[in-house]
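[1] Quick one, structure for this:
(2 chains)
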Amino acid sequence: MIKKFKDLNYYELLRIPYNASSFEIRQAYKHILAIYEENSLATYSLFVEDERKVILSKIEDAFLTLIDDKKRESYDNNLVSMGEVSDKMFTDKEQKKAIPIFQTNESRTSNNSLTRIKKKIQEKEAADFAATMLKRDQITGKDLKNLRESLGIELEEIFQATKISPTTLAAIEKDDMVNLPPKIYLISFLKSYAEALQIDPKQVVDGYIKNIP
Amino acid sequence: MRRIYSIGGGKGGSGKSFIAASLGILLAKQGKRVVLVDLDLGASNLHTLLGQKMPEKGLDEYIDKTVSRLEEVAVLTTIPNLYLLSSTRCSLEIANLFYAQKLKIINAIKNLPFDYILLDLGPGTNFNTLDFFLIAPEGLFVTTPEPTAIENTFIFMKSVYLRKLKLSLKEANMWHICQEEIAKLSRGALKSPLDLISILTARDPEKGRIFEDLLSNLEFRLILNKFRGQVKENLGEQLVEVCNRHVYPSFDFLGNISYDNRVYESIIARDIFIKKYPYTKTVSDLQSMIRNLTGEEQEVVQVRVQR
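    Sure, this is the predicted structure:
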């Protein structure tokens, strides 16, 4: 049975989940207010003045109740005791939060990964790996990928260091002829890639170009 | 698979015929066989939007039994694959059809052998318009961002639902029961189809559910035509949300169609707008509307000016 508007509970009215964060509640409140406010075009002629007043005061009540932790708790308890919802739905905490303006994620800074690569490449194992690869006449995208992975570097970090788009990087690693950039760009991309991994760019470029027909 | 769409919306001048014609042209350009049915009886002029003279054949020949099959009176337009079934030549009294004639036309339309059948409806909420609108399970409501158009569209939407319910209730021999209940309401007014459903459910929960299912089979979409910069960007989404909350929850938003004064100029000059100005925002809006509607990814349709 489709619930009529006047029978909706506050969560259904605002169209938010039962575990909504205060951020979501505020957003939903702004959204619904824009629809039902006095001069809104979206509800023009749909309600007489009294009906609109009732709706707006219900929206106001919903917001003021849910935004206040104490009031919300007693409202929630009331919903549970009326059997409308199970109390499980309130505890399921997967909330949408505001996105912070300044994101200072360590792994996102390229400096950090550069020093990590430097350290890694000096280790004997990795150095050997790089050396055997460079000795080969042809270098495939798979070789590059293996080296990168053995260094414990994510594709994302190469992107951070070189600013080459991850799709292009992936194409290079897959020897994906169709999606490779034109040769002139490819050469400079390979150079940057090699520099990021701190191996000889010239050998990488030559080897890779030989590998593609 | 045959798909039927009705295009209506209550207010006159909101662009129903323009949307119908444009939809028809773009679908035909994709290689689909399309027929446009002009059901604005007594005021039909879809042919003018297609840059066409008054068609030689039309619905009247089917009504007066000159032809036995409706598709025989569909005429090919200047656009390949696009056919027009006009009602222009019908007698001036055709707006008041007999019930039996109406049923005959409705059945014939449902069985037209085309890929797409597009029904262009007249304004207002008279029973003919509502019944023709309900031929298709999928309806497109065209409105514009003016309060007058929005008001009429709400009324039209509710009328469509009530008509559907009323016809089905009559069929099930239950209409008189509802009538009694409606009379008890304040001033005997039904505000929304949801009210009627709850009356039914209060009487007989099982029957209520049956009729609720019946209504949920309908799929409606909203098109906001003549969209301009000064209009609130999300008005269309807001309207759909309101419809789903207060009319019936079966609405989707198809998109805004930008206002372009050249549409008006093309109609005056009896040119086909899409053909004359293929690289306008309005045409790309129409194309993305079709993508939303058919759910098919399609190549960008190029319509060249034919001289």
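[2] any weak-confidence spans in the chain?
    Since you didn't name a chain, this refers to chain A. Scanning chain A with the threshold set as pLDDT under 70 gives A:1, A:91-97, A:101-114.
[3] The intended chain is chain B.
    Within chain B, the ranges that satisfy pLDDT under 70 run B:91-95, B:186-189, B:296-307.
[4] Who are the packing partners of the lengthiest helix in chain B?
    Counting by DSSP state H, the longest helix found in chain B is helix B:147-171. Here helix B:147-171 touches helix B:127-133, strand B:138-143, helix B:175-184, helix B:193-203, helix B:205-216, helix B:235-246, going by 3 or more CB pairs under 8 Å, 6 or more residues apart in numbering or on different chains; DSSP states H and E. C-beta here means a position set from N, CA and C on the backbone, and glycine is covered the same way.
[5] Out of the ones you listed, which gets nearest to chain A?
    Closest approach to chain A among the helices and strands packed on helix B:147-171 is made by helix B:235-246 (3.7 Å; CB to the nearest CB).
[6] Give the pairing partners of whichever helix or strand comes after the closest one; include direction for each.
    The helix or strand immediately downstream of helix B:235-246 is strand B:251-258, counting by DSSP states H and E. Sheet pairing for strand B:251-258, assigned by DSSP bridges, gives strand B:219-227 (parallel).
[7] if we can go back for a sec, which residues outside the longest helix of chain B are in contact with it?
    Outside helix B:147-171, the residues within contact range by CB atoms under 8 Å, 6 or more residues apart in numbering or on different chains are A:41-42, A:44-46, B:8-11, B:14, B:123, B:125, B:127, B:130-131, B:133-134, B:139, B:141, B:143, B:175, B:178, B:190-193, B:196-197, B:211, B:214-215, B:218, B:220, B:222, B:239, B:243, B:247-248.
[8] Which among the helices and strands packed on helix B:147-171 is found nearest to residue A:55?
    Among the helices and strands packed on helix B:147-171, helix B:235-246 comes nearest to residue A:55, with 9.8 Å by CB to CB.
[9] can you list the residues of chain A near chain B?
    Contact residues (CB under 8 Å from any CB of the partner chain) of chain A with chain B: A:1-2, A:4-5, A:34-35, A:40-46.
[10] Out of those residues, which end up buried?
    Buried members of those, counted by 16 or more other CB atoms under 10 Å in any protein chain shown: A:35, A:40-44, A:46.
[11] want to throw those residues into JSON lines with secondary structure?
    Shown next, in JSON lines, are these (DSSP: H, G, I helix; E, B strand; the rest coil):
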{"residue": "A:35", "secondary structure": "helix"}
{"residue": "A:40", "secondary structure": "coil"}
{"residue": "A:41", "secondary structure": "helix"}
{"residue": "A:42", "secondary structure": "helix"}
{"residue": "A:43", "secondary structure": "helix"}
{"residue": "A:44", "secondary structure": "coil"}
{"residue": "A:46", "secondary structure": "coil"}
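[12] related to what we said a few turns ago, could you pick out the buried ones from the contacts of helix B:147-171?
    A:41-42, A:44, A:46, B:8-11, B:14, B:123, B:125, B:130-131, B:133-134, B:139, B:141, B:143, B:178, B:190, B:192-193, B:196-197, B:211, B:215, B:218, B:220, B:222, B:239, B:243, B:247-248.
[13] Quick check: residues of the stretch 151-300 of chain B near chain A?
    So the stretch 151-300 of chain B meets chain A at B:151, B:154, B:194, B:197-198, B:201, B:208-209, B:212, B:231-232, B:235, B:238-239, B:241-242, B:245-246, B:248-249 (CB under 8 Å from any CB).
[14] Return the set of buried residues in stretch B:142-152.
    For stretch B:142-152, burial by neighbour count (16+ other CB under 10 Å) applies to B:142-146, B:149-152.
[15] Domain ranges for chain A, per the record?
    By the record's domain assignment, chain A is partitioned as A:5-91, A:106-211 (automatic domain parsing).
[16] Can you add distance to residue B:107 and give those back as JSON lines?
    Formatted as JSON lines, these follow (distance: least, CB to CB, whole Å):
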{"stretch": "domain A:5-91", "distance to residue B:107": "35"}
{"stretch": "domain A:106-211", "distance to residue B:107": "53"}
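[17] For residue B:257, find the nearest of these.
    Smallest distance to residue B:257 across these (CB to CB): 16.9 Å, for domain A:5-91.
[18] hang on, the earlier thing: out of the buried residues of stretch B:142-152, which two are the most distant from each other?
    Most distant of those, by CB to CB, are B:142 and B:151, 14.4 Å apart.
[19] For the spatially closest residue to residue B:199 that is not a sequence neighbour, give its distance to residue B:130.
    On the basis of CB to CB, 6 or more residues apart in numbering or on different chains, the spatially nearest residue to residue B:199 that is not a chain neighbour turns out to be residue B:181, at 4.6 Å. Separation of residue B:181 from residue B:130 (CB to CB, to the nearest Å): 22 Å.
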